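>>> For reference, the sequence and a predicted model appear below.
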Amino acid sequence: MSNATQSALRGGPRDQPGNPRVAFGGIDKSSVRATNERPDFVAIQQSPEFRDLRRRLKWFIFPATAFFLIWYLGYVAIAAYAREFMAQPLIGEINVGLVMGVGQFVTTLGLTALYVRFARRRIDPEVDRIRQDAGESDQ
């Protein structure tokens with residue numbers, strides 16, 4: 001063993017009796033300071049910027065949800081009550097029911113992609129602005 005290794009195993013002068021042990025690098029306190037200051041959430045909620053953000057979000061969420069529910073429930077209703085229509089072949093063994101069923105997955109992925117795009121362009125910048133105005137830093 002080298003002298004440096006032996007010294008590290010024995011400990012340094014501060015590890016000797018009578019010297020309090022400190023954290024790595026001689027740092028004994030965290031640089032993070034607790035603070036009682038919290039954003040005023042009520043003021044943020046009542047601000048025109050926040051209300052505009054909520055309105056903008058509702059204009060996307062409610063129509064998209066209504067569209068998807070009508071599409072999904074329509075598919076279920078047609079599958080339950082119009083079996084002959086769903087069984088009509090389109091190409092070989094592929095029928096209307098199969099195409100509509102796969103369309104459910106495609107619609108889900110499409111709506112998710114649209115929401116992500118909408119949120120990145122219209123929602124996230126406004127959220128960042130509101131956080132900055134409230135004095136909240138990015139984490």
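Now that the structure is in, tell me what you want to look at.
>>> Does anything pack onto the lengthiest helix in the chain? Which helices or strands?
Longest helix in the chain, counting residues (DSSP state H): helix 48-81. Secondary structure elements in contact with helix 48-81, counted by 3 or more CB pairs under 8 Å, 6 or more residues apart in numbering; DSSP states H and E, are helix 83-86, helix 96-118, helix 124-134. In short, each C-beta sits where N, CA and C put it, glycine included.
>>> how far is the last one from where the chain is centred?
Same thing as helix 124-134. 16 Å (CA atoms, centre = their mean, to the nearest Å).
>>> Quick one: residues in contact with that helix.
Outside helix 124-134, the residues within contact range by CB atoms under 8 Å, 6 or more residues apart in numbering are 39-40, 44, 47, 49-50, 52-53, 56, 138.
>>> Just put these in a markdown table and tack on pLDDT and neighbour count.
Below are these laid out as a markdown table (pLDDT from 0 to 100; neighbours: other CB atoms under 10 Å):
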| residue | pLDDT | neighbour count |
| --- | --- | --- |
| Pro39 | 78 | 13 |
| Asp40 | 81 | 12 |
| Ile44 | 87 | 15 |
| Ser47 | 89 | 15 |
| Glu49 | 91 | 13 |
| Phe50 | 91 | 18 |
| Asp52 | 93 | 12 |
| Leu53 | 93 | 17 |
| Arg56 | 93 | 14 |
| Asp138 | 51 | 6 |
